[in-house]
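Asker: Predicted structure and sequence below. I'll ask about it afterward.
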Amino acid sequence: MITVRVPAKVNVQLGVGGLRADGFHDLANVFFAVALGDEVTARPGTGVTLTCTGPDADQVPLDDTNLAARAARLLAAHHGIEPHVALHIAKAIPVAGGMAGGSADGAAALVACDALWQLGTPLPELLDLAADLGSDVPFALLGGVALGRGRGELLEPLPVTGAFHWVFAVADGGLSTPAVFRECDRLREAAGTGSSEAEVPTPDADPALLAALAGGDPVALAAALANDLQAAALSLRPQLADCLAAGLAAGALGALVSGSGPTCAFLAKDAAGAEQLAAALTASGTCRAAHPTYGPVPGARVVDGA
Ligand code: ATP
């Protein structure tokens, strides 16, 4: 049996360019891996089977659309072998929450099956397979902090000093990532700025944000947090503004919607600050649950290979 631990991500910067002819947006995406994560277990089996436990387990598809099952089949096909594995996901990452939980499970399944089937696939090959599965999957393999360009799949690891302490406030019900991108385009059109590649400047990483990460400065990082999808997520789910306000009123250094939402992310000054903030957010009634955590942490890795 192989157990792989994999982190969720928060985008400390999510710059969204104009809509490209292929339907994607160019992104300047600073991914940050947090300790809040899933565990994927791979055992010998017949064909690809999948089970899932956790508070959101009923929202996770257990068919071939699950990214963990797709990852197992893709890895087997890449090596020309039959996929035989019983996968189990212990799910802690909120589903459809803007924390790339499905992508994380895809990355974890690649690593778990690679170990179970003793394939020894080199990391660059795993990263290519991950990019085929989805834009956020390569980062879940890598972890740490990285700048993603293109659709998010071209990754450059970034230097970070120390640990940053976070709270994630989980909402009831998810938001569809494509729907949030469509709303972002619609808001840009309504504002008269246009939404096409020609009309929206190409986004780039913010030097102040990169300096805050490299210097281990949570106050400077809080000031530089930026998410171009936040207005669209708030437009589709206005009550998220109450959650962001509650966290800031309770002493968060900074707050933003995580990716396409609806999970909200708060930066605290230290571990004790994150515990207090999580308790205040839970008591505020503006979210379903609030989890203190920290990062950066490594990407998908085997924690038990017995
Ligand atoms: P992102 O931030 O990458 O846009 P997300 O965190 O908002 O993603 P996910 O939790 O990855 O959203 O789930 C999005 C959808 O993907 C789910 O509604 C579900 O139908 C599907 N899905 C496929 N595989 C998984 C998986 N292993 N775990 C959760 N959802 C999955």
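Answerer: Yes, it's here.

Asker: Neighbours of the nearest residue to Thr293 once chain neighbours are set aside, how many?
Answerer: Excluding its sequence neighbours, the residue lying closest to Thr293 (C-beta to C-beta, 6 or more residues apart in numbering) is Leu36, at 4.3 Å. All C-beta spots, glycine's among them, are computed from the backbone N, C-alpha and C. Around Leu36 there are 25 other residues, counting by other C-beta atoms under 10 Å.

Asker: Same check on Ala211?
Answerer: By the criterion of other C-beta under 10 Å, Ala211 has 13 neighbours.

Asker: now do Asp22
Answerer: Residues lying near Asp22 (other C-beta under 10 Å) number 7.

Asker: repeat for the one 4 residues further on
Answerer: Burial measure for Asp26: 19 neighbouring residues, criterion other C-beta under 10 Å.

Asker: so which helix or strand takes in it?
Answerer: Per DSSP states H and E: Asp26 is located in strand 25-43.

Asker: Could I get the contacting residues of the residue nearest to Thr293?
Answerer: Leu36 sits next to 7-8, 92-93, 99, 168, 291, 293 when contact means C-beta atoms under 8 Å, 6 or more residues apart in numbering.

Asker: can you tell me which two in the residues you listed are farthest apart?
Answerer: The span of those, defined through C-beta to C-beta, is set by Pro7 and His291 at 13.0 Å.

Asker: how close does Val250 sit to Gln230?
Answerer: Just so we're on the same page, residue 250 is Ala rather than Val. As judged by C-beta to C-beta, to the nearest Å, Ala250 and Gln230 stand 19 Å apart.

Asker: Check Asn29 too.
Answerer: 14 Å.

Asker: quick one, which of those two is more surrounded?
Answerer: Using other C-beta under 10 Å as the criterion, Asn29 and Gln230 rank with Asn29 on top: 29 against 24.

Asker: The nearest residue to that one once chain neighbours are set aside in helix, strand or coil?
Answerer: Closest residue to Asn29 apart from its sequence neighbours, by C-beta to C-beta, 6+ apart: Gly148 at 4.0 Å. Three-state call for Gly148 (DSSP: H, G, I helix; E, B strand; the rest coil): strand.

Asker: confidence score at Gly148?
Answerer: Gly148 is assigned a predicted lDDT (pLDDT) of 92.

Asker: Phe139 is in contact with that one, correct?
Answerer: Yes - using C-beta atoms under 8 Å, Gly148 is in contact with Phe139, at 6.2 Å.

Asker: who has more neighbours, these two?
Answerer: Comparing Gly148 with Phe139 by neighbour count (other C-beta under 10 Å), the higher total belongs to Phe139, at 30 against 24.

Asker: these two touch, right, the more buried one and Pro157?
Answerer: No - using C-beta under 8 Å, Phe139 is not in contact with Pro157, being 10.0 Å away.

Asker: Need the residues touching each of these two.
Answerer: By C-beta under 8 Å, 6+ apart, Phe139 and Pro157 have these common neighbours: Ala146.
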